[in-house]
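K.L.:
Everything below, folded, please.
(2 chains)
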Amino acid sequence: MSRPTTADLTAPRSLLGRPRRRRLWRAIPKAWRTPLGVAAGLIALGWLVIALIGPAIVPHDPLAQDLPRFQAPSRAAWLGTDELGRDVFSRVLAGARVTILLSLLLVLMSMLVGSLLGVVAGFFGRWVDEVIMRLTDLVMAFPTVILAMVTAAALGASLFNAVLAALVVSWPSYARVVRSMVLSLRSSEFVASGRLLGFSPAHSMRVDILPNVAGPTLVMASLDIGTAALLLSGLSFLGLGAKPPMPEWGSMVATAVQNFDRWWLGLFPGLAILTVVMAFNFLGDALRDHLDPGAERA
Amino acid sequence: MFGIRRPLRLAAGAVLLAATLALGACAQPPTPSDSPGPDGSQIVLDVAFDLKTVDPGREYEPTGQIVVKALYDTLLTFADNDSTKVIPDLATYEASADLTEFTFTLVQGRVFSDGSPVTADDVVFSLERLQGLKGNPSFLLDGVAVTKVDDQTVKLTTEAPNPALPSILATPSAGILNAAVVKAHGGTTDETDTAEEYLNANSAGSGPYTLRSLDVASQAVLDKNPQYNGSQRPTYDTVILRNVDSATQKMNVERGESQVALSLSGDQVASLSSSVKLTSASSATVIFLLVNANPAVSTLTSNPQFVQAVKSAIDYDALVELAGAGAAQATSLIPTQFLGTLPASQALTFDLEKATADAAAAGATGQTVTLSFPNDADPTGLPLANVAQRLQTQLAAAGITVELAPAPFATEIDAYRTGTEQIGLWYWNPDYMDPANYLAFGPGQTVGLRAGWPTEANPAIADLVTQGYTTGDLAQRKALFEAWGLAMNAESPFVPLLQPASNVVSQPSVTNVYYNPTWIINVAGLGRA
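P.N.:
All right, here's what the predicted structure looks like:
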């Protein structure tokens, strides 16, 4: 963690942020220089592009039931057709938008919610800290998937509710990490001097604390995208997420289980989940290894 | 974040795929420790168990019916290949003209598995126990009084005329137990009865088989009853029913590890090896749509013209195609195996032009209705989600916008029973083999009210319902139920869609394989080529 010098503290804020940001940008290409990092980066980029322009490139309407049912992969339907005569290839492509964009949204939201609560807990301490930390203990005491399932079931099956349910179980780890960072930062001299200069708590948090916790939190978030994708498709697999007929990988795998001898129904959405999760995990790992040399290397 | 550490997390990426690959294969593979003996006097049936007990007074699950049918005889029964007419089993009967008094005369000489004769006392005890246990099947004999006339004669008196009573007495739940044995093991005719444990380990009936062992989670083993002196000629000395997941059932029967597979869906049998025999028939399960007639639930669905639009917007053939081999369009709410069903020519028909015009006239344009269904229910291997998705597409073609609302059975059933669904997709399994079962769909009746359809909404059909409950003559009943079915097709808020297939896959050596809507398969009737 970079500790600003006294000179930095007296400098204008715009100068404060710049050296950090430049390091972050320079760091990324270097972190990707490992073969795994390059491959993961390319796959993740590919999926992101598909998620963004998916509807424009699908060869067939992913909802149209106008093909023969249960066709094995062929030239006409590259990945075969499903139990209702829909094109599996188009559905896998269309599913990217649902899974990837929602995973990013989920990670972003849990990062925001968790970090905010963590900063507040660490900065104010005392009963505020107690309340927030006991709340994280409460959530973390439950098995993640079970708690998400219960929440999704209680809210009713829909993708939005699945994201909410996943959010409920995913914010506490951010809150914990951010709180511990804030605790050590709070007692550091530049924060204390800021307070002596008359900064309000909000100002101090924004100017002194947040820039210093942002980096590690971002790394953590990048590591979480894969897990978020897995959790969201898991909820859909259980019928608690996407509603039919929406193309979603988890629910596609669920129907494949009922038609087990048609291997193409489950294999391709399963591969899609696998590649997305692995790509984002490797990417996150590479990023962490580079930015967080203090972390234990596995 | 989700509490998974790094090395684990990498592995977690592969978990879902691995899980999907494993799930289908990881059915409980029961060790065929009792594989067929060299004499072939043993038969192994694979079925996906839905089994809680084999106490006749308590069981009401499909697998329980298979077992209980083999262990206990009933007063009356149906032939294996005809489910429209009751025939005598333990007794013959006569009904009074007003259909409130049924006199049963026991067939001479029939005995239980311990050799003691079947008497009127056993009949009275068994039927009163069925009523008194307040179990799942107890409703079958609601309002029926059972009295002994003499040792060979029993009289059943009903509060209201009940032409369905003979069919009801043919359900395995109405099996006759050996009163002395059951009483010795805690049997009574009220809720203090404790004989279930005994009856889950032993049988006390006069049926062609006796129970050797039972594990409700894995398998039931039946032995031929040496004392049996009824009309059936059981072929196999030992019958083994194993709980096997349907994907594994297919492999087992193709490899000869089992002789009969009972839970294969229409799609699964489509790719069957030629070494096995498929007996495919439409099941007696009717999948139907409920279009709520209650304006408080929806002003759109309660518009009769909207119902007409829905009925003509559905391409029934394309729906039946989803269910695979053996499925058929439900010609009326009464399935094809029953008395009073309609011929295919009188079923509802697909007419997109009429549907589009009706939908527009009913004001469906720009409105969205909700189609609710239980997403974890798949009556005979057809997931309702598939039917719902195809309906959504078909209705959209006629200008009706439908939003799907899947929910677990356990929660959706409440909305169905309280009549708050705008459009509901449900199925009906017959409780007993009589068309009177279906009168519940009539206006002001149980299911009719779930569609917000009171008696005054259609007095003409309500009148047919009353007649259906009180007419006894077979020919009159047939005409009556046909008229009821036609009127329901034309005017009711229900749309009968299809009867999914019921597939029995067997080794070529097994003969006389018939599907029965109530007890699935009569194991005592199976023969050997």
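
K.L.:
Strands along the stretch 1-150 of chain B, start to end?
P.N.:
With strands called from DSSP state E, counting those that start in this stretch, the stretch 1-150 of chain B shows them at B:42-47, B:76-79, B:82-88, B:91-95, B:101-106, B:144-150.

K.L.:
Flag every buried residue along the third one.
P.N.:
Of all the residues in strand B:82-88, those buried under the rule 16 or more other C-beta atoms under 10 Å in any protein chain shown are B:83-84, B:86. C-beta coordinates here come from the backbone N, C-alpha and C atoms, glycine included.

K.L.:
which bits of the stretch 151-300 of chain B sit near chain A?
P.N.:
B:247, B:250, B:267-268, B:270-271 (C-beta under 8 Å from any C-beta of the partner chain).

K.L.:
now do 6 Å
P.N.:
B:Ala247 (C-beta under 6 Å from any C-beta of the partner chain).

K.L.:
helix/strand/coil for the closest residue in space to A:Met140 that isn't next to it in sequence?
P.N.:
Using C-beta to C-beta, 6 or more residues apart in numbering or on different chains and skipping residues adjacent in sequence, the residue nearest A:Met140 is A:Pro172, 5.4 Å away. Following DSSP: H, G, I helix; E, B strand; the rest coil, A:Pro172 is assigned to helix.

K.L.:
likewise B:Ala261?
P.N.:
Classification of B:Ala261 by three-state DSSP places it in strand.

K.L.:
what's around it, how many residues?
P.N.:
30 (other C-beta atoms under 10 Å in any protein chain shown).

K.L.:
Tell me who's in contact with it.
P.N.:
B:46, B:249, B:253, B:505 (C-beta atoms under 6 Å, 6 or more residues apart in numbering or on different chains).

K.L.:
Surely the third one is in contact with B:Val504?
P.N.:
No. Counting by C-beta atoms under 6 Å, B:Val253 stays clear of B:Val504, with 10.0 Å between them.

K.L.:
which of these two has more neighbours?
P.N.:
B:Val253 (28 against 24).

K.L.:
Spatially nearest residue to the residue most central in space within chain B (excluding sequence neighbours)?
P.N.:
By C-alpha atoms, centre = their mean, chain B has its centre lying nearest to B:Asn429, at 3.8 Å. Nearest non-adjacent residue to B:Asn429, counting by C-beta to C-beta, 6+ apart: B:Thr285, 5.2 Å away.

K.L.:
Just give me the neighbour total for that neighbour.
P.N.:
20.

K.L.:
What pLDDT does the model give it?
P.N.:
On pLDDT, B:Thr285 comes in at 90.

K.L.:
cool, and the one 4 residues further on?
P.N.:
At B:Leu289 the predicted local distance difference test score is 95.

K.L.:
which bits of the stretch 151-298 of chain A sit near chain B?
P.N.:
A:170, A:173, A:224, A:227, A:239, A:243-245, A:253, A:257, A:260, A:266, A:270, A:273-274, A:277-278, A:281, A:298.

K.L.:
Below-threshold pLDDT in the chain: ranges please.
P.N.:
No chain was given, so I picked chain A. Scanning chain A for pLDDT under 70 picks out A:1-33, A:292-298.

K.L.:
Correction: the question concerned chain B.
P.N.:
Using pLDDT under 70, the flagged stretches of chain B are B:1-40, B:379.
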